[in-house]
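Novice: fold the following, please.
(one chain, ligands or ions: 2)
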Amino acid sequence: MINVAVLGAAGRMGSHVVQAVQGAEDLELVAALDTDDDIAAATRAKAHVAIDFTVPDATEGHVHALIDAGIHAVVGTTGWTSDSLSRVEEHLKERPDLGVLIAPNFAIGAVLAMRFAAAAAPYFESAEVVELHHPDKVDAPSGTAIHTARGIAAARAAAGLGASPDATSHDPDGARGASVDGVHVHAVRLRGMVAHEEVLFGNAGEAFTIRTDSFDRVSFMPGVLLGVREVAAHPGLTVGLDRYMSL
Ligand SMILES: NC(=O)C1=CN([C@@H]2O[C@H](COP(=O)(O)OP(=O)(O)OC[C@H]3O[C@@H](n4cnc5c(N)ncnc54)[C@H](O)[C@@H]3O)[C@@H](O)[C@H]2O)C=CC1
Ligand SMILES: O=C(O)C1=N[C@H](C(=O)O)C[C@H](O)C1
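Specialist: Ligands and ions are numbered 1, 2, ... in the order given. This is a model prediction of the structure:
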């Protein structure tokens, strides 16, 4: 039996995660914590693994506290930078027995979309990412879109491709969106959306589109449970659920 604590348990994702853990025969929910709770309650409850779906400002602090407490971490919260990831990697050297999984998206379709986008990237002159989310989301672009764009940029660089062609010289309102490692990313916030992404590729005379849609937060739960079951077998820092899958 794996003892599980959930951080952000009252949130949109956290409340689904609580239900998913309670419904799994091999997992025991030992703590459901939110803003007013002390993270030390996870230790008192003898958690083996903690799942974090909180806010970008809090998640790194949670991960360091969990490492100090000897608890494996499965993190879905976005907002991670290369600096904050490096600090976690450094801290984990003190606890080589612990695993930390940070995954920008736990939906299987989104995980595959990120991998497929990186695989397609060397073969197209142009690439852009469009993400669409519910209007209550606090961060933009989405963690998934950032990860997707970084994967595309790395694959393009490895293939010796330069920037996508773009003659724009007048864009006073930022209509071309954000640039993540040189890949343009556009964020839509629309009532009715949950989590969606389109990756657009273009060559002369052709286009190739990868699309993934989470219509319901239940779509993230199999990936979260996979992370919880596998994290102890993957010591160190892992970024992306694909690293736990046979892809
Ligand atoms: N990796 C993935 O597959 C997914 C990631 N996310 C990410 O998960 C995060 C949470 O998303 P939602 O659940 O939609 O947000 P939400 O706002 O509904 O939930 C966040 C919860 O965290 C709590 N919280 C805030 N600060 C806290 C602290 N210091 N300690 C404990 N709890 C704290 C809030 O009170 C709230 O209950 C976001 O960063 C979002 O981008 C969301 C969906 C899927
Ligand atoms: O806030 C959300 O809802 C989501 N956040 C993650 C992200 O920023 O990529 C994952 C998914 O897109 C849902």
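Novice: show me the protein divided up by domain.
Specialist: Split into domains by automatic domain parsing, the chain comes to 2-102+218-244, 108-215.
Novice: mean neighbour count, those: which tops it?
Specialist: Of all the domains of the chain, domain 2-102+218-244 has the most neighbours on average by mean count of other CB atoms under 10 Å, namely a mean of 19. Every C-beta, even on glycine, is put in place using the N, C-alpha and C of the backbone.
Novice: tell me the spacing between Ile67 and Pro96.
Specialist: Relative to Pro96, Ile67 is positioned 11 Å away (CB to CB, to the nearest Å).
Novice: got any residues that touch both of those two?
Specialist: The contact sets of Ile67 and Pro96 do not overlap (CB atoms under 8 Å, 6 or more residues apart in numbering).
Novice: now tabulate the domains of the chain in JSON lines and tack on mean pLDDT.
Specialist: Formatted as JSON lines, those follow (pLDDT from 0 to 100):
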{"stretch": "domain 2-102+218-244", "mean pLDDT": "97"}
{"stretch": "domain 108-215", "mean pLDDT": "97"}
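Novice: rebuild those as a markdown table, extending it with distance to ligand 2.
Specialist: As requested, these are exported to a markdown table (distance: least, CB to the nearest ligand atom, whole Å):
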| stretch | distance to ligand 2 |
| --- | --- |
| domain 2-102+218-244 | 4 |
| domain 108-215 | 3 |
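Novice: residues of this protein that sit close to ligand 1?
Specialist: For the chain, the residues in contact with ligand 1 (CB under 6 Å from any ligand atom) are 7-8, 10-14, 33-35, 53-56, 58, 76-78, 103-106, 143, 220.
Novice: tell me which element Ile210 falls in.
Specialist: strand 206-214 (DSSP states H and E).
Novice: can you tell me the strand partners of that strand and which way each runs?
Specialist: Within its sheet, strand 206-214 is paired with strand 195-203 (antiparallel), according to DSSP bridges.
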